[in-house]
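Asker: below is the sequence, then the predicted model.
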Amino acid sequence: MTSDVTEIRAGHEFEARRLADFLSRHLAGFSGALTIRQFRGGQSNPTFLIETGSGRYVLRKKPPGQLLPSAHMIEREYRVMHALEGTGVPIIRTHLLCEDVSVIGTPFYLMDFAEGRVFRNPALPNMTPAERRAIYNAMGEVMAKLHAVDWRAIGLENFGKPSGYVARQIALWTRQYEASKTHDIPSFDKLIRWLPANMPAGERTTIAHGDFRLENLIYDPSESRVIGVLDWELAALGHPLADVAYNCMIWHLDPSTPNLGGLAGRDLAALGIPTEAEYLASYAAAAGLPEIENYSFFLAFAFFRFASIAQGVYARALAGNASAPNALQVGLLAAPLADLGWKAAQSVLLQ
């Protein structure tokens with residue numbers, strides 16, 4: 001939405017002239033001068049609205065400054081989005097990927113601008129119960145549709161290793177946390193030990209989005225229909241339940257959680273929002289699964305991973321190269337997120 005844009009924030013500036021020169025040579029139909037504004041979101045990769053005489057586009061780039069290894073992989077983000085076009089998964093059309101850092105200082109890609117609605121409050125204020133239920137149902141259906149895509153058929157057979165996803169993710173986010181660690185988080189340290197020792201047997205491999213949540217979906221301006229899935233930076237060949245559990249964290253977050261919100265303690269029946277169990281059953285039906293197995297493990301893993309992401313945001317905020325103005329507040333969520341992860345892990349022990 002254009003209401004979500006601001007002037008370019010300090011530290012994120014780049015030369016518009018260089019970008020215009022590049023687009024005039026590589027973007028079909030490009031014409032006219034351009035104006036650039038920055039979207040408020042984008043904790044990881046800065047995102048900009050590019051308006052030209054020939055249309056409106058969205059530019060995603062890596063952030064400035066020293067980056068953690070394997071983080072901010074917009075090249076992978078572009079690749080999976082491009083591959084998914086035409087599969088039935090709602091994807092915003094991509095135009096080009098530029099890996100030449102001399103253009104604007106970092107690699108970037110360009111995609112269409114899609115006018116629609118982004119819901120940042122999971123309680124969906126100012127909507128009817130029927131509208132809320134339809135929005136949640138559409139979210140689960142799109143996630144199931146993504147997990148049903150034949151990743152080999154669309155050219156993603158070498159997008160990553162097709163096995164060992166959970167173990168690699170635990171190791172990755174442990175390394176990312178330790179690389180950005182600024183203080184002790186006891187629950188995170190417990191999860192570092194507990195998760196590798198309690199991985200479920202058996203594997204399923206699909207395209208896993210990695211950050212599938214309500215705020216990363218664009219809905220039609222007037223219908224309860226998803227027209228775009230955003231923020232594919234963490235996409236991989238992985239276990240679909242990693243997406244499902246991550247998507248369901250909002251049912252465990254308190255509504256007062258800064259910058260995130262949540263549904264814990266809300267009257268879901270009055271709101272028209274499905275319960276977590278209802279949502280999981282709906283996803284399972286759409287995905288053709290008899291039930292969701294090992295859910296508590298994947299929920300613990302989801303909070304562990306999100307806590308590591310938050311810690312990285314916090315470290316970038318302290319270093320002064322965070323992508324969003326609320327980065328410091330988001331980073332402070334690392335400890336409470338890790339606490340929720342350990343709570344989910346304990347629920348497995350109590351079963």
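Answerer: All right, it came through fine.
Asker: next one, pLDDT for the residue nearest to residue 192 when sequence neighbours are not counted please.
Answerer: Nearest non-adjacent residue to residue 192, counting by C-beta to C-beta, 6 or more residues apart in numbering: residue 174, 5.3 Å away. Glycine gets a C-beta too; all of them are placed from N, C-alpha and C. Looking at residue 174, its pLDDT stands at 96.
Asker: also residue 255?
Answerer: 92.
Asker: am I right that it is in contact with residue 271?
Answerer: No. Taking contacts as C-beta atoms under 8 Å, residue 255 lies outside contact range of residue 271: 11.3 Å.
Asker: between the two, which contacts overlap?
Answerer: Counting by C-beta atoms under 8 Å, 6 or more residues apart in numbering, the residues touching both residue 255 and residue 271 are residue 123.
Asker: more neighbours, these two?
Answerer: residue 271 (19 against 15; other C-beta atoms under 10 Å).
Asker: from memory that one sits against residue 123, does it?
Answerer: Yes. Applying C-beta under 8 Å, one finds residue 271 in contact with residue 123, separated by 6.4 Å.
Asker: any chance you could map the helices in this protein?
Answerer: Using DSSP state H, the helices found in the chain span residues 16-26, 74-84, 129-147, 165-179, 186-197, 240-247, 268-271, 276-287, 295-319, 327-331, 334-350.
Asker: what's the closest of those helices to residue 222?
Answerer: Nearest to residue 222, of all those, is helix 129-147, at 10.7 Å by C-beta to C-beta.
Asker: elements contacting the closest one?
Answerer: Where contact means 3 or more C-beta pairs under 8 Å, 6 or more residues apart in numbering; DSSP states H and E, helix 129-147 is packed against strand 206-208, strand 217-219, strand 226-229, helix 240-247, helix 268-271, helix 276-287.
Asker: list the contacts of it.
Answerer: With C-beta under 8 Å, 6+ apart, helix 129-147 has contacts from 84, 88-90, 119, 124, 127, 206-209, 212, 214, 217, 219, 224-226, 229, 240, 243-244, 247, 270-274, 279, 282-283, 286-287.
Asker: just the buried residues of these.
Answerer: Buried members of the contacts of helix 129-147, counted by 16 or more other C-beta atoms under 10 Å: 84, 89-90, 119, 124, 127, 206-209, 212, 214, 217, 219, 224, 226, 229, 240, 243-244, 247, 271-274, 279, 282-283, 286-287.
Asker: pLDDT averaged over stretch 57-76, what's the number?
Answerer: 76.
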